[in-house]
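Colleague: Sequence below, structure please.
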Amino acid sequence: MNWNRWKHVFGAAFLMLSLSAVEARVRGFVQTGQAVYYGGRYDRSTRMTAAHLTLPFGTWVRVIHQRTGRSVLVKINDRGPFYNSRRIVDLSSTAARALGIAREGVALVRLEVIR
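Modeller: Take a look at the predicted model:
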């Protein structure tokens with residue numbers, strides 16, 4: 001058998017194992033910190049989007065406003081926030097309005113990965 005073909009098969013198997021390990025690690029992910037909002041990068045399927053520094057694109061996250069208890073589901077489709085380590089998520093303006101933080105600008109939130 002051709003070595004390049006085996007290398008391709010093992011590479012694909014390794015990639016599949018790596019992705020499932022990332023999925024398992026992400027599913028139980030919970031984080032608390034500040035949320036801010038920006039213009040946002042909308043997705044074809046939803047305007048409820050967010051930016052996170054490390055979560056994989058396409059991850060759905062529940063964002064819970066710690067003070068009011070309101071929550072929204074957002075899809076991670078961008079990177080950020082940058083420059084302030086207390087800020088953990090940038091919400092699209094649509095998500096920020098739905099969560100009730102558009103007037104506040106910055107709010108304490110909890111992130112829970114849904115899928």
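
Colleague: how about the most centrally placed residue in the chain, what does it touch?
Modeller: Geometric centre of the chain, nearest residue: residue 76, 3.7 Å, by Cα atoms, centre = their mean. Listed by Cβ atoms under 8 Å, 6 or more residues apart in numbering, the contact partners of residue 76 are 49-52, 55-61. For the C-beta atoms, the positions are set from N, CA and C on the backbone; glycine is no exception.

Colleague: Tell me the spacing between residue 61 and residue 114.
Modeller: Using Cβ to Cβ, to the nearest Å, residue 61 is found at 6 Å from residue 114.

Colleague: So for the two, which residues contact both of them?
Modeller: residue 73.

Colleague: quick one, which of these two is more surrounded?
Modeller: Shown here are residue 61 and residue 114; by other Cβ atoms under 10 Å, residue 61 has more neighbours (23 against 11).

Colleague: who's in contact with the more buried one?
Modeller: 50, 52, 55, 73-76, 89, 111-114.

Colleague: what does residue 106 give?
Modeller: 34-36, 87.

Colleague: Buried ones among those?
Modeller: The neighbour count (16 or more other Cβ atoms under 10 Å) marks 34-36, 87 as buried among the contacts of residue 106.

Colleague: Among the residues you listed, which one sits closest to residue 65?
Modeller: residue 35 (8.1 Å; Cβ to Cβ).

Colleague: hey, where'd the helices end up in this structure?
Modeller: In the chain, the segments counted as helices under DSSP state H are 3-27, 93-99.

Colleague: any idea which of those scores lowest on pLDDT?
Modeller: Among the helices of the chain, helix 3-27 carries the lowest mean pLDDT, at a mean of 48.

Colleague: what does stretch 90-100 rub up against?
Modeller: By Cβ under 8 Å, 6+ apart, stretch 90-100 touches 35-42, 47-52, 63, 65, 68, 70-72, 74, 78, 80-81, 101-102, 107, 109.

Colleague: Now for residue 51, how many residues are close by?
Modeller: The burial count for residue 51: 23, using other Cβ under 10 Å.
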